[in-house]
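Novice: here are the coordinates; sequence isn't available:
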């Protein structure tokens with residue numbers, strides 16, 4: 001029996017926006033010819049320019065009307081279809097089960113017209129496969145209701161013990177201006193400093209006129225030609241402040257009005273000062289959460305977070321959704337909503353102490369010694385020895401702190417893995433995202449009954465080095481049982 005087919009169109013107000021876009025598209029397409037044709041040195045009748053403007057407006061209006069008339073979308077049972085195209089017609093049909101999320105965006109002029117851009121993430125696609133512009137809020141809600149009605153039972157939110165225990169209603173969380181300031185502050189620090197230094201070096205000729213020096217006298221008179229240290233420091237600080245200001249303004253425009261509130265299936269995000277975007281984070285579709293925090297971010301109480309959402313197909317690599325640096329309480333709510341697990345007691349894996357000194361020896365000290373031997377003809381022994389000692393101390397300290405930083409937690413439905421001492425990286429993933437678990441042994445590890453555990457996910461591989469071989473075997477068997485279950 002055939003199912004009823006419901007067909008809808010874009011809002012009539014969107015026809016004005018299509019007209020403006022068509023005009024701008026035609027101007028961008030022929031702008032080189034316009035520069036040649038309307039150059040001041042070329043004589044032409046006075047009526048040419050008005051006729052050209054009228055013709056441009058008329059053609060763009062006809063094209064916009066044809067695009068509006070030929071664009072339709074709608075439902076046919078559990079199928080969603082989009083048909084568009086004036087010269088070349090295209091038709092796209094997707095099932096409700098393959099739709100991962102439905103979210104909207106609103107630019108400044110769309111908010112003035114009360115219109116939305118609706119986007120759908122589908123399984124197996126690297127981006128948004130369905131994009132419908134120029135629909136009102138009623139149409140967006142109608143599409144969301146269709147998705148909730150026809151989604152498969154496996155996509156329905158599953159009640160867990162931890163979720164049932166949380167009886168108190170969760171209030172919407174909004175970022176304060178100080179939170180946006182912290183988010184922008186920890187971004188692009190080293191890039192800002194590099195830009196500042198390169199700008200100052202590129203403007204030496206300008207500084208020579210502003211601060212009289214002679215740059216052509218050579219290294220012998222370096223003390224006379226180099227700017228005072230406080231002038232260099234002031235210029236670098238000024239450029240860094242300018243770079244930081246640009247980052248803060250960009251963070252404000254991109255993530256202003258950031259809000260997180262609970263929804264029926266997870267969390268609903270909305271952000272954007274000018275271009276308002278809304279996205280829904282579902283509990284059962286996020287497989288990997290990656291948290292990243294530097295020393296400065298930990299002092300400010302914020303973390304960067306990446307959400308990896310996977311499709312139904314096993315080979316699908318899904319989409320990575322990168323959020324700004326958020327306060328720790330917001331991050332905690334996102335993680336606990338996605339993987340309800342209660343308290344997490346991170347413990348150190350039984351990594352053998354030989355890991356840190358062997359890492360320092362073979363990955364740092366040995367290459368550093370080779371570079372020192374190569375540099376002998378060009379540098380004195382004094383400088384080579386000082387550099388080698390400083391590098392050796394750094395290698396030993398870095399390897400030791402890296403060995404101390406490994407932590408993890410095996411939960412009922414997910415795994416938490418932490419690594420890194422300068423940049424701390426926390427990864428939370430569900431057992432279904434584990435693709436393969438294996439362990440390997442080098443000759444040194446076999447002699448000491450050690451092994452390296454490899455946990456392969458959809459996106460990358462986690463490595464836990466230098467653990468006891470029997471412990472690695474038990475963890476491998478446990479992960480395989482949880483994955484198959």
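Specialist: All right, it came through fine. Since the model is a prediction, treat every value here as computed from it, not as a measurement.
Novice: so what's the backbone phi/psi at the nearest residue to residue 84 once chain neighbours are set aside?
Specialist: Leaving aside its sequence neighbours, residue 84 sits nearest to residue 71 (C-beta to C-beta, 6 or more residues apart in numbering; 4.5 Å). For the C-beta atoms, the positions are set from N, CA and C on the backbone; glycine is no exception. Torsion angles at residue 71 (phi, psi; degrees, to the nearest 10) stand at phi -100, psi 120.
Novice: Would you agree residue 71 is in contact with residue 86?
Specialist: No. Contact criterion C-beta atoms under 8 Å: residue 71 and residue 86 do not qualify, at 9.3 Å.
Novice: which of the two has more neighbours?
Specialist: The residue with more neighbours, out of residue 71 and residue 86, is residue 71; 19 against 13, by other C-beta atoms under 10 Å.
Novice: okay, the more buried one: pLDDT?
Specialist: For residue 71, the pLDDT comes out at 91.
Novice: and if you look at residue 65?
Specialist: Confidence score, pLDDT, at residue 65: 91.
Novice: cool, and residue 128?
Specialist: 53.
Novice: tally of neighbours for residue 51?
Specialist: 10.
Novice: what about it, which SS state?
Specialist: helix (DSSP: H, G, I helix; E, B strand; the rest coil).
Novice: Do you know the pLDDT at it?
Specialist: 86.
Novice: Residues in a beta bridge with residue 462, which ones?
Specialist: Applying DSSP bridges to residue 462 gives these bridge partners: residue 455.
Novice: And the strands in the stretch 351-485 of the chain, which stretches?
Specialist: 407-410, 414-419, 424-430, 434-440, 450-457, 461-468 (DSSP state E, counting those that start in this stretch).
Novice: For these, could you give me TSV that also reports mean pLDDT?
Specialist: Compiled in TSV, the strands of the stretch 351-485 of the chain are given as follows (pLDDT from 0 to 100):
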stretch	mean pLDDT
strand 407-410	84
strand 414-419	86
strand 424-430	86
strand 434-440	85
strand 450-457	89
strand 461-468	88
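Novice: Save those strands as CSV, and put in distance to residue 251 too.
Specialist: Formatted as CSV, these follow (distance: least, C-beta to C-beta, whole Å):
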stretch, distance to residue 251
strand 407-410, 30
strand 414-419, 26
strand 424-430, 21
strand 434-440, 35
strand 450-457, 30
strand 461-468, 30
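Novice: Which of these sits closest to residue 373?
Specialist: The closest of the strands of the stretch 351-485 of the chain to residue 373 is strand 461-468. By C-beta to C-beta, the value is 28.8 Å.
Novice: I'd like to know how far residue 102 sits from residue 296.
Specialist: 37 Å (C-beta to C-beta, to the nearest Å).
Novice: same question but for residue 382, I mixed them up
Specialist: In terms of C-beta to C-beta, residue 382 sits 35 Å off from residue 296.
Novice: Please say which of these two ends up with more neighbours.
Specialist: residue 296 (12 against 8).
Novice: Distance of the more buried one relative to residue 180?
Specialist: Using C-beta to C-beta, we find residue 296 at a distance of 16 Å from residue 180.
Novice: and if you look at residue 334?
Specialist: 17 Å.
Novice: next one: the one helix or strand residue 33 maps to to chain centre, how far?
Specialist: Using DSSP states H and E, residue 33 falls within helix 14-37. Here the centre of helix 14-37 is set off from its chain's centre by 33 Å, with C-alpha atoms, centre = their mean, to the nearest Å.
Novice: Quick one: list the elements packing against that helix.
Specialist: Secondary-structure packing of helix 14-37 (3 or more C-beta pairs under 8 Å, 6 or more residues apart in numbering; DSSP states H and E): helix 48-69, helix 108-113, strand 128-135.
Novice: about what we covered before: tabulate the strands of the stretch 351-485 of the chain in CSV, adding columns for mean neighbour count and distance to residue 232.
Specialist: Listed next are these as CSV, based on neighbours: other C-beta atoms under 10 Å; distance: least, C-beta to C-beta, whole Å:
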stretch, mean neighbour count, distance to residue 232
strand 407-410, 16, 42
strand 414-419, 20, 38
strand 424-430, 21, 33
strand 434-440, 15, 51
strand 450-457, 20, 47
strand 461-468, 18, 43
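Novice: Residue 355: which of those is closest?
Specialist: That would be strand 461-468 among the strands of the stretch 351-485 of the chain, by C-beta to C-beta, at 3.9 Å.
Novice: who's in contact with the closest one?
Specialist: With C-beta atoms under 8 Å, 6 or more residues apart in numbering as the test, strand 461-468 has contacts from 349-352, 354-355, 406, 408, 417, 427, 445, 449-455, 472.
Novice: Also stretch 412-425?
Specialist: Against stretch 412-425 from outside (C-beta under 8 Å, 6+ apart): 160, 290-295, 298, 339, 341, 344, 346, 398, 401-402, 404-409, 426-431, 455, 462, 479.
Novice: next one: stretch 77-90
Specialist: 3-4, 63, 66-67, 70-75, 91-97, 99, 120, 130, 132, 143, 146, 150.
Novice: Report the rounded mean pLDDT for it.
Specialist: The model assigns stretch 77-90 a mean pLDDT of 85.
Novice: Check which residues of that stretch are buried.
Specialist: For stretch 77-90, the buried set under the neighbour-count rule, 16 or more other C-beta atoms under 10 Å, comprises 78, 80-82.
Novice: quick one, longest helix in the protein?
Specialist: If you go by DSSP state H, the chain has its longest helix at helix 229-255.
Novice: what packs against the next helix or strand after it?
Specialist: Next helix or strand after helix 229-255 toward the C-terminus (DSSP H and E): strand 259-262. With contacts taken as 3+ C-beta pairs under 8 Å, 6+ apart, strand 259-262 sits against strand 173-174, strand 266-271, helix 328-338.
Novice: try it again with 6 Å
Specialist: strand 266-271 (3 or more C-beta pairs under 6 Å, 6 or more residues apart in numbering; DSSP states H and E).
Novice: Could you list every helix and strand in contact with whatever helix or strand comes next after the strand it packs on?
Specialist: Beyond strand 266-271 on the C-terminal side, the first helix or strand identified by DSSP H and E is strand 276-282. In terms of contacts (3+ C-beta pairs under 6 Å, 6+ apart), strand 276-282 is packed against strand 99-106, strand 266-271.
Novice: Most tightly packed of the ones you listed?
Specialist: For these, the largest average neighbour count (mean count of other C-beta atoms under 10 Å) is found in strand 99-106, namely a mean of 21.
Novice: What about the buried residues of stretch 77-90, which are in strands?
Specialist: 80-82 (DSSP state E).
Novice: Count the residues that sit near the closest residue to residue 103 other than its chain neighbours.
Specialist: Distances taken as C-beta to C-beta, 6+ apart put residue 279 closest to residue 103, at 4.0 Å, once the chain neighbours are dropped. The number of residues packed near residue 279 is 19, by other C-beta under 10 Å.
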